[in-house]
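Student: A structural model of the following input is requested.
(chains A and B)
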2 protein chains.
Amino acid sequence: MHSYNELARLFEERFRKNTPFPDDPESLYEPCKYLLGNGGKYIRPVLCLMANELIDDINEDAWHAAFGVELFHNFTLIHDDIMDKAPLRRGKPTIHTRNGMTAGILCGDVMFIYSYRYLSAIRTSLPEVLEVFNTTGIEICEGQQLDMDFENSNNVAMDEYIRMIALKTSVLLACSLKIGAIVGGALGDTANNLYEFGRNMGISFQLQDDYLDAFGDPERSGKQVGGDIKSNKKTFLLIKALELANPEQKAGIHALLQTDSPDKVDTMLQLFRQTGAEAACKVMIRDYSDAAFRFLDKVAIPAKRKQPLMDLAEALIARDK
Amino acid sequence: MHSYNELARLFEERFRKNTPFPDDPESLYEPCKYLLGNGGKYIRPVLCLMANELIDDINEDAWHAAFGVELFHNFTLIHDDIMDKAPLRRGKPTIHTRNGMTAGILCGDVMFIYSYRYLSAIRTSLPEVLEVFNTTGIEICEGQQLDMDFENSNNVAMDEYIRMIALKTSVLLACSLKIGAIVGGALGDTANNLYEFGRNMGISFQLQDDYLDAFGDPERSGKQVGGDIKSNKKTFLLIKALELANPEQKAGIHALLQTDSPDKVDTMLQLFRQTGAEAACKVMIRDYSDAAFRFLDKVAIPAKRKQPLMDLAEALIARDK
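Tutor: Model (predicted):
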């Protein structure tokens, strides 16, 4: 059994030693290597390896899958960064900023295919693995599209928002766990419970991200709070506040959305508290995290083997930065 | 045995009846349906079905593969059109022009995954099929990158140019044939000979495209000749002319590349003739087409069964529009 840190280190070592990309054409592969060289937290491959190790020692198929999900994740980052016009990723210039739009699109595309190449090397239950992976990939595109749509919408319902974050973020965590379990020879129930554990954990994690952007301790997170408020981002807090607000509060929120006044963040935070959106967010984070742990409990494996997953989930959900 | 026209019709019928895309999110799937609704020539799926029918009656796996290669082809069109800033595709506005860049990137991505979903449904030799498909996908990205690189290069060597058109265009034709044969249960040699038939045919086809853009009969092709010359596109003709030119001719070509004068096309055509580039192009088209037919001859199947492939290849290579 390995901890998150151990698996992340093992993964990184293998990943650096076995870079899938050739040298030529350099204009295509150099940016791919650059992005991967900037590191990452490797949460998805570690989840995949942990789920595999739940069943038995980590096998070769699990390593193929871990490489596949990490490359897939990086592909989505490259294309999302183009769509979000993001200048930085992992503290370094994004590919489209550094190498241009064409490189951004093509590096994403080719990394995507390399992720399938790793998955295609799996020998246990390949059709089942591909079914999970294909469905997840489609859902991630749908989630990204919904996120883009919400930017231009003034009326995002809460269930649509939860659906979006589930698709955009959670399903790849869930998929990583499920595939790791499947290639370990897990039974259907085990794989499905791990999937639901990951999905609920991902939603809880994302809601906590919304919460901490507004109410986090800047000294602990190292970043300024209120970024989402300044950019009028539709988060759980804003959607919930509008849902719960009385007419006066609602008018106040709408007025704030139109301004860039210096007290915008503080006033919005007050409204998030007064409307009950802050409290509702904390309840929701807890609800999804409780659901996650219930699914992990249902996984019919001795508790001791589940400890690394339990630790990782607790670290992800209880983080304060 | 079916002809190209019969298979294209059968494919289109099935493809329209079994659209893979759901309705929601509409902003993601409506543009995908729009693009597919604008038709296409279905050369790749037909090649796949023909290769399958070489062996025996067309089977379900071949239909999955045919859907997969057609969706993959459409995915590449969507992203290429963004990179090429193309306003039209099949005579209609491109997705990024009609629905914006984000939709263009995401529709391409999701169509890409749907192509893998179809392939994943294949039950015969799935790992072998994926190996061919993954490699082809990677090569197509490499070809597109080289094509983009060439736009900004003044010194494209002929072997690099041939490599680029082989990767960008020919390998998907070759892959379609090979996969159709593999899922029909063809032996390795048959599948490989069909692959090489397709690859050589594709290169011949692409060189003919270069030739006809310069020397085609506008009345037969319905389009103005000289588009490549006007845009200074690096084609076989331009690269070969620079290779064969004496110093005076070379200076003439370089001068023409700097102008947009009304006699640019005519003068360049003269230089293509005088340097021997035109004749070399015709020889090369013939060489690759001869190679293609040699590989088709080597396919150990009765000639009668190969007739539809023979007819299609002759129509593609001997086309004059």
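
Student: send me stretch A:100-115 as CSV with only the CA atoms.
Tutor: The C-alpha coordinates for stretch A:100-115 follow below in CSV (Å, rounded to 0.1, in the frame of the first residue of the first chain):
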residue,chain,number,x,y,z
GLY,A,100,0.3,30.2,-30.8
MET,A,101,-3.2,29.0,-31.3
THR,A,102,-2.4,26.4,-33.9
ALA,A,103,0.1,24.7,-31.6
GLY,A,104,-2.4,24.9,-28.8
ILE,A,105,-5.1,23.1,-30.8
LEU,A,106,-2.8,20.5,-32.3
CYS,A,107,-0.8,19.8,-29.1
GLY,A,108,-4.1,19.2,-27.4
ASP,A,109,-5.3,16.9,-30.2
VAL,A,110,-2.1,14.8,-30.3
MET,A,111,-1.9,14.5,-26.5
PHE,A,112,-5.5,13.3,-26.6
ILE,A,113,-4.5,10.5,-29.1
TYR,A,114,-1.5,9.5,-27.0
SER,A,115,-3.9,9.1,-24.0
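
Student: which stretches of the stretch 101-250 of chain A have low pLDDT?
Tutor: Within the stretch 101-250 of chain A, the ranges that satisfy pLDDT under 70 run A:221-223.

Student: if we go to 90?
Tutor: Per-residue confidence for the stretch 101-250 of chain A (pLDDT under 90) gives these ranges: A:151-155, A:187, A:216-227.

Student: those residues of it touching chain B, which are they?
Tutor: Contact residues (Cβ under 8 Å from any Cβ of the partner chain) of the stretch 101-250 of chain A with chain B: A:101-103, A:105-106, A:108-110, A:112-114, A:116-117, A:120, A:123, A:126-127, A:130-131, A:134-135, A:137-138, A:141-142, A:144-146, A:148-149. To be clear about C-beta, it is placed using only N, CA and C from the backbone, and glycine gets the same treatment.

Student: kindly supply the PyMOL command isolating those of these that are buried.
Tutor: In PyMOL, this line selects whichever of these come out buried by 16 or more other Cβ atoms under 10 Å in any protein chain shown:
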select buried, chain A and resi 102+103+105+106+108+109+110+112+113+114+116+117+120+126+130+134+137+138+141+142+144+145+146+148+149
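
Student: just the residues of the stretch 101-250 of chain A next to chain B: which are in helices?
Tutor: If you go by DSSP state H, those have A:101-103, A:105-106, A:108-110, A:112-114, A:116-117, A:120, A:126-127, A:130-131, A:134-135, A:137-138, A:141-142, A:144-146, A:148-149 in helices.

Student: name the residue most distant from the centre of chain A?
Tutor: residue A:248 (35.8 Å; Cα atoms, centre = their mean).

Student: OK, contacts around residue A:42?
Tutor: A:7, A:8, A:11, A:12, A:15, A:70 (Cβ atoms under 8 Å, 6 or more residues apart in numbering or on different chains).

Student: now, of these, which are buried?
Tutor: Counted by 16+ other Cβ under 10 Å, the contacts of residue A:42 give A:7, A:8, A:11, A:12, A:15, A:70 as buried.

Student: and the gap between the first one and residue A:43?
Tutor: Distance of residue A:7 to residue A:43, given as Cβ to Cβ, to the nearest Å: 10 Å.

Student: run through who's touching stretch A:28-38.
Tutor: Stretch A:28-38 has contacts (Cβ under 8 Å, 6+ apart) with A:15, A:19, A:21-23, A:74, A:77-78, A:89-92, A:95, A:98-99, A:103-104, A:106-107, A:110-111, B:141-142, B:145.

Student: check the offset of it from the chain's centre.
Tutor: Distance, stretch centre to chain centre, for stretch A:28-38: 21 Å (Cα atoms, centre = their mean, to the nearest Å).

Student: now swap in stretch A:241-250 and tell me
Tutor: That offset, for stretch A:241-250, works out to 30 Å (Cα atoms, centre = their mean).

Student: buried residues, that stretch. List them.
Tutor: For stretch A:241-250, the neighbour count (16+ other Cβ under 10 Å) marks A:241, A:242, A:244, A:245, A:249, A:250 as buried.

Student: now do that stretch: distance from first to last residue.
Tutor: 8 Å (Cα to Cα, to the nearest Å).

Student: how about stretch A:9-26?
Tutor: In stretch A:9-26, first residue to last residue: 28 Å (Cα to Cα).

Student: where is the longest helix in chain A?
Tutor: From DSSP H, the single longest helix across chain A is helix A:188-215.

Student: C-terminal to that helix, what's the next element?
Tutor: Sequence order places helix A:218-221 as the next helix or strand after helix A:188-215, per DSSP states H and E.

Student: now the element after that following helix, going C-ward?
Tutor: helix A:227-230.

Student: who's in contact with the helix or strand following that next one?
Tutor: Note on helix A:227-230: by DSSP H and E, the next helix or strand toward the C-terminus is helix A:236-244. The contact list for helix A:236-244 (Cβ under 8 Å, 6+ apart) reads A:156-158, A:161, A:207, A:210-211, A:214, A:228-229, A:232, A:249-250, A:253, A:271-272, A:275-278, A:280-281, A:284.

Student: narrow those to those that are buried.
Tutor: For those, buried by 16+ other Cβ under 10 Å: A:156, A:161, A:207, A:210-211, A:214, A:228-229, A:232, A:249-250, A:253, A:271-272, A:275, A:277-278, A:280-281, A:284.

Student: that older thread, for the residue farthest from the centre of chain A, grab phi and psi.
Tutor: Main-chain dihedrals, residue A:248, degrees, to the nearest 10: phi -70, psi -50.

Student: quick one: residue A:197 from residue A:191, how far?
Tutor: Counting by Cβ to Cβ - residue A:197 and residue A:191 are separated by 11 Å.

Student: please identify which of the two sits among more neighbours.
Tutor: residue A:197 (29 against 24; other Cβ atoms under 10 Å in any protein chain shown).

Student: element containing the residue nearest to the more buried one when sequence neighbours are not counted?
Tutor: Closest residue to residue A:197 apart from its sequence neighbours, by Cβ to Cβ, 6 or more residues apart in numbering or on different chains: residue A:295 at 4.0 Å. Using DSSP H and E, residue A:295 falls within helix A:277-298.

Student: next structured bit after that helix?
Tutor: Using DSSP H and E, the first helix or strand after helix A:277-298 is helix A:303-317.

Student: buried stuff in that following helix?
Tutor: Applying 16+ other Cβ under 10 Å to helix A:303-317 flags A:306, A:308, A:309, A:312, A:313, A:316, A:317 as buried.

Student: nearest to residue B:183 among those?
Tutor: Among the buried residues of helix A:303-317, residue A:309 lies closest to residue B:183 (Cβ to Cβ), at 39.2 Å.

Student: show me the contacts for that closest one.
Tutor: Counting by Cβ under 8 Å, 6+ apart, residue A:309 has contacts A:47, A:50, A:51, A:54, A:197, A:296.

Student: do the same with residue A:316
Tutor: Residue A:316 neighbours (Cβ under 8 Å, 6+ apart): A:43, A:201, A:205.

Student: circling back to that earlier point, filter the contacts of stretch A:28-38 down to the buried ones.
Tutor: Buried among the contacts of stretch A:28-38 by 16+ other Cβ under 10 Å: A:15, A:21, A:74, A:77-78, A:89, A:95, A:99, A:103-104, A:106-107, A:110-111, B:141-142, B:145.
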